[in-house]
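Novice: Give me the fold of what follows.
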Amino acid sequence: MKLRGWRAGGAAFLAGALAALAMPPLYWLPLAVVGMVVFVWLWETASGPRSALLRGWAWGIGHFAVGSYWILEAFSVPPADYELLGPPIVAGLSVVLGFFPGLAAGGARWAALRWPALAGRYRRLVLLAIAWTAAEWLRGHVFTGYPWNPLGHVWAFAPPLLQGAALFGVYGLGAFTFLALAAPTAGWRASVAALVAIGLAGAAGQAILTPAGEGGPMVRIVQPNIPQSEKWRPDTRARHLAKLVEMSRRNGFDSLAAVVWPETAPPFIIEPGSPALEVMATAVPPGGYLLTGAARGTGQRQDGVWNSLLVIDGAGAVVAHYDKVHLVPLGEYIPFRRQLAPVSGFIGRGSFEEGEQRMTLGFPNLPSFSPVICYEVIFPAAVTGPGERPRWLLNVTNDAWFGLSSGPYQHLTSARLRAVEEGLPMIRAANTGVSAVIDAYGRVLASLDMMEEGVIDHRLPQAREPTPYGRWGDGILLAVLAFLAGGMVVGKTSNDRPRR
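Specialist: Okay, the predicted model is just below:
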């Protein structure tokens with residue numbers, strides 16, 4: 001059976017939407033198999049590269065519309081002045097992101113027509129896996145990048161199956177995931193081989209998982225669960241700051257090395273001499289530090305404001321800060337805002353300033369760490385500072401914008417993958433969830449769910465030895481793609497012979 005025109009596009013859209021349900025937090029993996037099999041089938045029956053591109057594009061629109069619906073929640077946070085913009089923005093984002101699966105399908109179809117020897121049953125699958133992976137990598141890099149929900153995330157329900165990311169990164173894991181999910185299109189032998197490979201990968205991953213050790217010093221994560229609609233109200237700011245301090249000073253305070261607050265936790269712009277610093281100093285444990293997200297200013301309005309991580313000592317001094325490098329387009333900054341001042345004024349949002357570089361921070365009695373703020377944690381090979389390798393990662397975030405949607409859980413999955421890739425544990429502090437202690441294998445050792453108020457006291461988990469991906473980053477991905485391409489070119493089996 002061959003579908004043409006709008007029927008093929010509709011089938012592609014539906015298949016992409018179904019495949020999105022295999023992502024966190026649902027993990028309905030059989031739907032990913034259905035979605036990828038239909039993707040390949042529509043690719044095979046396309047009349048040419050243009051038809052394949054359009055079908056892949058329709059598949060991607062459906063996939064990202066379902067996978068990104070949670071963005072609508074941010075537009076409904078009171079006062080919800082821009083609520084009507086939510087649906088067209090999500091639709092537009094889905095159209096843009098959908099182009100990348102379309103590019104993979106169109107490019108692979110063009111290659112298969114140009115080099116007919118690549119069109120065998122197995123080779124076509126490998127060709128598509130290479131094109132898919134290259135397109136995912138491009139999605140994570142062009143126009144500042146948006147690597148949300150890469151295909152490798154479908155395994156996040158099983159930590160042993162995530163360990164491949166330590167070798168290949170999440171993009172390389174996605175290449176092998178594509179081959180496994182789409183294997184039925186190459187026949188029953190390929191399907192059996194895929195199941196065996198998944199079993200072996202799981203067994204190998206389980207073998208390297210070690211019990212969580214004693215770890216390092218004790219840290220406290222504070223999750224205040226402050227509604228986004230109330231956070232910045234002038235009449236509630238002092239109360240919210242007092243709440244953060246009270247939670248920080250609960251039983252066990254004197255034994256802590258650090259207290260961690262979420263992204264922009266104090267509802268003030270923190271400048272030199274800010275009265276809030278004196279209050280915040282009371283949340284610093286003896287001989288330790290307060291690590292908090294904050295809007296940072298210099299006291300000079302013309303300098304702007306940064307979305308920052310501040311390190312505060314017991315005297316209330318900011319002994320170090322990190323300014324967020326990778327800002328969210330339209331969410332945290334308006335592109336060309338100075339050149340297009342009337343447009344940015346119409347949108348009605350200010351912009352944070354961009355930080356200069358990633359960094360690694362180290363202090364007495366606290367192992368060195370690299371901070372990443374919110375959205376930054378979704379970017380592979382971009383979470384540590386230059387120089388000496390840190391001992392842990394710190395992610396502060398505020399997912400209160402997105403309510404009880406899938407978005408915060410997908411965000412948490414990205415954080416877990418960065419821990420696996422780098423072989424480093426992560427402390428994650430969120431305003432309304434999900435706060436978590438994540439070990440170097442991506443396992444969540446302790447957590448506070450969405451809309452929960454509380455603290456987590458936990459020792460810093462131990463770091464692993466540097467992983468291959470942590471050492472070489474996406475150079476590993478190039479090696480994976482070269483390996484697949486080499487096998488596709490030189491491998492000849494009876495299944496690749498033309499069928500009559």
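
Novice: Give me the neighbour count for residue 113.
Specialist: 13 (other CB atoms under 10 Å). (Glycine included, C-beta is placed from N, CA and C.)

Novice: which parts of the helix or strand harbouring it are buried?
Specialist: In this structure, residue 113 is located in helix 86-114 according to DSSP states H and E. By 16 or more other CB atoms under 10 Å, the buried positions in helix 86-114 come out as 86, 89-90, 93-94, 97-112.

Novice: wait, isn't residue 171 in contact with residue 475?
Specialist: No: with contact defined as CB atoms under 8 Å, residue 171 does not reach residue 475; the gap is 11.8 Å.

Novice: Of the two, give the one with the bigger neighbour count.
Specialist: residue 171 (27 against 12).

Novice: any idea whether that one is helix, strand or coil?
Specialist: helix (DSSP: H, G, I helix; E, B strand; the rest coil).

Novice: contacting residues for it?
Specialist: Residues counted as contacts of residue 171 (CB atoms under 8 Å, 6 or more residues apart in numbering) are 133, 136-137, 140, 150, 152, 380, 474, 477.

Novice: Quick one: those as TSV, columns for secondary structure, pLDDT and neighbour count too.
Specialist: Formatted as TSV, these follow (DSSP: H, G, I helix; E, B strand; the rest coil; pLDDT from 0 to 100; neighbours: other CB atoms under 10 Å):
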residue	secondary structure	pLDDT	neighbour count
133	helix	98	27
136	helix	98	24
137	helix	98	24
140	coil	97	22
150	coil	98	24
152	helix	98	27
380	coil	98	26
474	coil	95	18
477	helix	96	25
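
Novice: which pair in those spans the largest distance?
Specialist: Using CB to CB, the contacts of residue 171 span at most 13.8 Å, a distance reached by 152 and 474.

Novice: Now do the helix or strand hosting residue 489: distance to the chain's middle.
Specialist: Using DSSP H and E, residue 489 sits in helix 475-490. In terms of CA atoms, centre = their mean, to the nearest Å, the centre of helix 475-490 is set 25 Å apart from its chain centre.

Novice: just the strands in the stretch 351-500 of the chain please.
Specialist: For the stretch 351-500 of the chain, the strands defined by DSSP state E, counting those that start in this stretch cover 361-363, 366-373, 392-397, 426-430, 435-438, 444-448, 454-459.

Novice: Going by neighbour count, list what's buried in the last one.
Specialist: By that I understand strand 454-459. Buried, per 16+ other CB under 10 Å, within strand 454-459: 455-459.

Novice: now, which of these sits nearest residue 274?
Specialist: residue 455 (24.4 Å).

Novice: The closest one is in contact with residue 224, isn't it?
Specialist: No: at 9.5 Å, residue 455 and residue 224 do not qualify as touching, with contact defined as CB under 8 Å.

Novice: For the helix holding residue 489, which outside residues touch it?
Specialist: The list of residues contacting helix 475-490 from outside it, by CB under 8 Å, 6+ apart, reads 118, 122-123, 126-127, 129-130, 133-134, 137, 167-169, 171-172, 175, 468-469.

Novice: Tabulate the CA atom coordinates of that helix in PDB.
Specialist: Output of helix 475-490 as PDB, limited to C-alpha atoms (Å, rounded to 0.1, in the frame of the first residue of the first chain):
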ATOM      1  CA  GLY A 475      34.600  13.900  18.000                       C
ATOM      2  CA  ILE A 476      33.300  10.600  19.200                       C
ATOM      3  CA  LEU A 477      30.100  11.200  17.200                       C
ATOM      4  CA  LEU A 478      32.100  11.600  14.000                       C
ATOM      5  CA  ALA A 479      33.800   8.300  14.700                       C
ATOM      6  CA  VAL A 480      30.400   6.600  15.200                       C
ATOM      7  CA  LEU A 481      29.100   8.000  11.900                       C
ATOM      8  CA  ALA A 482      32.300   7.100  10.100                       C
ATOM      9  CA  PHE A 483      32.000   3.500  11.500                       C
ATOM     10  CA  LEU A 484      28.300   3.200  10.300                       C
ATOM     11  CA  ALA A 485      29.200   4.700   6.900                       C
ATOM     12  CA  GLY A 486      32.100   2.300   6.500                       C
ATOM     13  CA  GLY A 487      30.000  -0.700   7.400                       C
ATOM     14  CA  MET A 488      27.300   0.500   5.000                       C
ATOM     15  CA  VAL A 489      29.700   0.800   2.100                       C
ATOM     16  CA  VAL A 490      31.800  -2.300   2.500                       C
END
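
Novice: From the contact counts, what lies against the host helix or strand of residue 51?
Specialist: Using DSSP H and E, residue 51 maps to helix 49-67. Judged by 3 or more CB pairs under 8 Å, 6 or more residues apart in numbering; DSSP states H and E, helix 49-67 is in contact with helix 5-20, helix 29-44, helix 86-114.

Novice: Those helices: which one's closest to residue 438?
Specialist: helix 29-44 (22.3 Å).

Novice: In terms of secondary structure, what does that closest one contact?
Specialist: Using 3+ CB pairs under 8 Å, 6+ apart: helix 29-44 touches helix 5-20, helix 49-67, helix 86-114, helix 121-139, helix 164-181.

Novice: Now with 6 Å, please.
Specialist: helix 5-20, helix 49-67, helix 164-181 (3 or more CB pairs under 6 Å, 6 or more residues apart in numbering; DSSP states H and E).

Novice: Could you tell me the phi and psi values at residue 405?
Specialist: phi -100, psi -180 (degrees, to the nearest 10).

Novice: ok, it - how many residues close by?
Specialist: 18.

Novice: ok, now residue 468?
Specialist: Residue 468: 17 surrounding residues under other CB under 10 Å.

Novice: same check, this time on residue 59
Specialist: 30.

Novice: circling back to that earlier point, looking at the strands of the stretch 351-500 of the chain, which is nearest to residue 33?
Specialist: strand 444-448 (26.1 Å).

Novice: Measure how the closest one sits relative to strand 426-430, angle-wise.
Specialist: 10 degrees (axes from the mean of the first three to the mean of the last three CA atoms, to 10 degrees).

Novice: buried set for strand 444-448?
Specialist: Here strand 444-448 shows 444, 447-448 as buried, counting by 16+ other CB under 10 Å.

Novice: Equivalent analysis for stretch 265-283, please.
Specialist: Going by 16+ other CB under 10 Å, stretch 265-283 has these buried residues: 265-271, 274, 276-277, 279-281, 283.

Novice: hmm, who's touching that stretch?
Specialist: Here stretch 265-283 makes contact (CB atoms under 6 Å, 6 or more residues apart in numbering) with 231-232, 237, 240-241, 244-245, 248, 259, 290, 292-297, 299, 305, 312, 316.

Novice: First-to-last residue distance for that stretch?
Specialist: 13 Å (CA to CA, to the nearest Å).

Novice: Give me the distance from it to the chain's centre.
Specialist: Distance, centroid of stretch 265-283 to centroid of chain: 30 Å (CA atoms, centre = their mean).

Novice: pLDDT (mean, whole number) over that stretch?
Specialist: Stretch 265-283 shows a mean pLDDT of 96.

Novice: Enumerate every residue touching residue 442.
Specialist: Residue 442 touches 159, 162, 416, 419-420, counting by CB under 6 Å, 6+ apart.

Novice: hmm, try it at 8 Å
Specialist: Contacts of residue 442 (CB under 8 Å, 6+ apart): 156, 159, 162-163, 165, 416-417, 419-420.
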